[in-house]
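Engineer: Just to be clear, the model below is a prediction. Sequence and coordinates:
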Amino acid sequence: MSCNGCRVLRKGCSENCILRPCIQWIESAEAQGHATVFVAKFFGRAALFQSLLYEACGRTVNPVNDAVGLLPTGNWNICQAAVETVLRGGSLRHIPELLTRDGGFPSPTFRRDLHGNVEVFR
């Protein structure tokens, strides 16, 4: 029997279907179909694959805040290097320095303005 992802995309489904395990956590068949159409329509295969690759690499080296957490800390180059490592066939590990008490962000600096209000800087 065809999974809901393949049914919505009108493609053949098999026992080795790659969509089925990706959408089985979604409870209703209708919701599975909507999710499949959304991903297929708004994220082309190439863009989706690239996004997933960067996210997986970012999550491996920075499990607390993943790829998104590397951007505001000025560490995006770490994510790019991780992707290059994977593309060369290398393996990744998390970077302990990124696992600070506040999730990889620099400690905030506080200052009072002329009116006594507290300003927070990162």
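Structural biologist: That came through fine.

Engineer: What ranges does this structure have for its helices?
Structural biologist: In the chain, the helices defined using DSSP state H lie at 4-9, 20-23, 29-42, 45-61, 66-70, 76-87.

Engineer: Tell me which of those helices lies nearest to His94.
Structural biologist: Closest to His94 of the helices of the chain is helix 45-61 (CB to CB; 5.8 Å). Where C-beta positions appear, they are placed from N, C-alpha and C, glycine not excepted.

Engineer: which of the residues in the closest one are buried?
Structural biologist: Of the residues in helix 45-61, those with enough neighbours to count as buried (16 or more other CB atoms under 10 Å) are Tyr54, Cys57, Gly58, Arg59, Thr60, Val61.

Engineer: just stretch 21-36 next, same as before
Structural biologist: Ile23, Ile26, Gln32, Gly33, Ala35, Thr36.

Engineer: how about the residues you listed in JSON lines, adding distance to Trp76 and pLDDT?
Structural biologist: As requested, the buried residues of stretch 21-36 are exported to JSON lines (distance: CB to CB, whole Å; pLDDT from 0 to 100):
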{"residue": "Ile23", "distance to Trp76": "30", "pLDDT": "87"}
{"residue": "Ile26", "distance to Trp76": "31", "pLDDT": "90"}
{"residue": "Gln32", "distance to Trp76": "34", "pLDDT": "88"}
{"residue": "Gly33", "distance to Trp76": "35", "pLDDT": "87"}
{"residue": "Ala35", "distance to Trp76": "29", "pLDDT": "87"}
{"residue": "Thr36", "distance to Trp76": "31", "pLDDT": "84"}
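
Engineer: from the residues you listed, which single one is nearest Thr73?
Structural biologist: For the buried residues of stretch 21-36, the closest approach to Thr73 (CB to CB) belongs to Ala35, at 31.1 Å.
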